[in-house]
Every structure is written in structure tokens, then in C-alpha cells.
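>>> quick one, structure for this:
(one chain, ligands or ions: 1)
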Amino acid sequence: MADITVRPMVVADADRILAIYQAGLDAGNASFEITAPTWAAFDAARLAAHRFAAVDRDGTVLGWIAVSPTSTRPVYAGVVEHSVYVHPTAQGRGVARLLLDTLIASTETAGIWTIQSGIFPENTASLTLHQRAGFRVIGVRERVGRHHNRWRDVVLLERRSPTVT
Ligand SMILES: CC(C)(COP(=O)(O)OP(=O)(O)OC[C@H]1O[C@@H](n2cnc3c(N)ncnc32)[C@H](O)[C@@H]1OP(=O)(O)O)[C@@H](O)C(=O)NCCC(=O)NCCS
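Residues are numbered from 1 along each chain as shown. Next up is the predicted model:
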């Protein structure tokens, strides 16, 4: 872990970020999406202040995390939804936890009070990751969407910051 650091995501990371995104989608338990977006669409949908990349000693991007707003209503201004993706060859080494801890610190500093996520029940790695990082399960949405022609459930999780009051 000492050789892995987290830094803000930059435009030069775009191709690698989207390739890691696509690898996660191809594995089948990350999201309803089938194809990673273009960089323009990715960029437009995510808050610039809370995007991070984990890199190894050589500067190779191993994973990323980013958040999107959940609503335009002022009351929900401090509620965001995040995505976290780690390259298949870098999984199981604590990269996602490092990214998530960085995101939690960054959003709390900015006054964001809730981070939420929807996770397929089959994605045990992601469920474990998030619960260890302080997320709680709100509940399970049953057969809420179709993925590769199959109805799938989604577990809703959130982390309410104890420090943003
Ligand atoms: C889910 C994902 C981000 C986890 O990344 P990772 O870097 O391998 O996770 P970490 O190594 O940081 O592990 C974090 C915690 O989850 C646990 N965990 C990781 N993989 C696990 C697995 N396959 N089964 C059970 N627990 C697992 C670890 O034990 C660790 O807990 P600990 O800190 O108490 O030891 C990664 O598997 C991934 O990118 N998957 C494809 C994309 C995806 O599904 N993204 C999430 C969408 S909701």
C-alpha cells in the first residue's frame, strides 16, 4: 500500500479512467450501464472538486472515484452519489478503500453530508468495501431495472457524515 497514492484526477487520465470503467462494466456487477461514457459526458456529470485517481509508483492509474449531484433541489445540495472502479489487476490491495477514504475526507471538508450508492447484491466486494467504510444499507430495490435482459435488484447504501452538522 505504501507504493499507492491518491491524487486529483486530471484530463490526461481520461483514456485510462474510461478503460478501467469499461473493465468494471464488462465484469457484469458494477452498473446497469453496458458501455462507458465519452470523456465529455463523464466530465459533465461529475463534480470537478471530488474526483480522484489512485496511482502506483510509476504513475499508472489503478483506480478512480468520482461523485455526481443527486438533485437540483437546494435541500439536497449536500447529497451526492459516487462511483468507484479499480483495474482488475489491482483489486484486493486496498485501492478502493484508499479512494473512498479520500473522497469521504474531501466531501466532508466541502460540507457535503451524504454519499449514496446503489450496488447489485451480487457485488459482494463493493458491499463489503462500503460497509467497512461506514456506509449503511438502506434497503433493497427489487427488480428495479433490466441488465443484459435480466431484472436485477439494487441495494441502496448511504454514509451520513457525522462531522457535517
Ligand atoms: C468493488 C471494487 C471497487 C473494490 O476495489 P478493491 O480495490 O479491490 O477493494 P479493496 O481492496 O480496497 O477492499 C476494500 C474492502 O473490501 C473487501 N473486499 C474486497 N474485495 C472483496 C471480495 N471480492 N469479497 C469480499 N470482500 C472484499 C476487502 O476485504 C476490504 O475490506 P478490509 O479493508 O476490511 O480488508 C472493485 O472490485 C471493482 O472495481 N469492481 C468493479 C467495479 C465495481 O463493481 N465498482 C463498484 C460499483 S458499486
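
>>> so which bits of this protein are right by the ligand?
Applying CB under 6 Å from any ligand atom, we find that the chain lies next to the ligand at 24, 27, 29-30, 84-86, 91-97, 117, 119, 123-126, 128-129, 132. Backbone N, C-alpha and C define where each C-beta goes, glycine included.

>>> what subset of the residues you listed is buried?
Among the residues of the chain next to the ligand, the ones that count as buried by 16 or more other CB atoms under 10 Å are 24, 29-30, 84-86, 91, 93, 95-97, 117, 119, 123, 126, 129.

>>> so residue 158, which of the three states?
Taking DSSP: H, G, I helix; E, B strand; the rest coil as the rule, one finds residue 158 in the strand state.

>>> residues contacting the residue nearest to the spatial centre of the chain?
Closest residue to the average C-alpha location of the chain: residue 83 at 1.9 Å, with CA atoms, centre = their mean. Applying CB atoms under 8 Å, 6 or more residues apart in numbering, we find residue 83 in contact with 21, 31, 65, 66, 67, 68, 117.

>>> do residue 14 as well
39, 42.

>>> for it, give me phi and psi.
Torsion angles at residue 14 (phi, psi; degrees, to the nearest 10) stand at phi -50, psi -50.

>>> measure it to residue 104 for me?
From residue 14 across to residue 104, the span is 24 Å (CB to CB, to the nearest Å).
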